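Undergrad: Compute the structure for the input listed below.
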Amino acid sequence: MQPRVLMTLDRAGDGLRLRVRDAGRGFDSTAPTSGFGLVSMRERARTVGANLSVKSAPGRGTVVELSL
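TA: Okay, here's the model as predicted:
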């Protein structure tokens, strides 16, 4: 079965919240990595005044949330 992805865009007070959730493999979000993917995503979010959070765990999928 292919992982499913759910995207939602909500009004959050005076701002917006974009949430992308998948039912994939997930990963240990506390483990150090050698990549710059999540770091770059957070930096890009900050440049437009947004906040990016990522929650994931092995075997439990991932949730990426952008609040602006």
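
Undergrad: Strands of the protein, start to end?
TA: Remark: strands assigned in the chain by DSSP state E are 5-12, 15-22, 51-56, 62-67.

Undergrad: and the angle for the second one with strand 62-67?
TA: Same thing as strand 15-22. 170 degrees (axes from the mean of the first three to the mean of the last three C-alpha atoms, to 10 degrees).

Undergrad: again, but for the third one
TA: Using the same axes, to 10 degrees, the interaxial angle of strand 51-56 with respect to strand 62-67 works out to 170 degrees.

Undergrad: where in the chain is pLDDT low?
TA: Residue ranges of the chain with pLDDT under 70: 1-3.

Undergrad: so who does the closest residue to Asp10 other than its chain neighbours touch?
TA: With C-beta to C-beta, 6 or more residues apart in numbering as the criterion, Asp10 has its nearest non-adjacent residue at 4.9 Å, and that residue is Arg17. C-beta coordinates here come from the backbone N, C-alpha and C atoms, glycine included. Residues near Arg17 by C-beta atoms under 8 Å, 6 or more residues apart in numbering: 8-11, 65-68.
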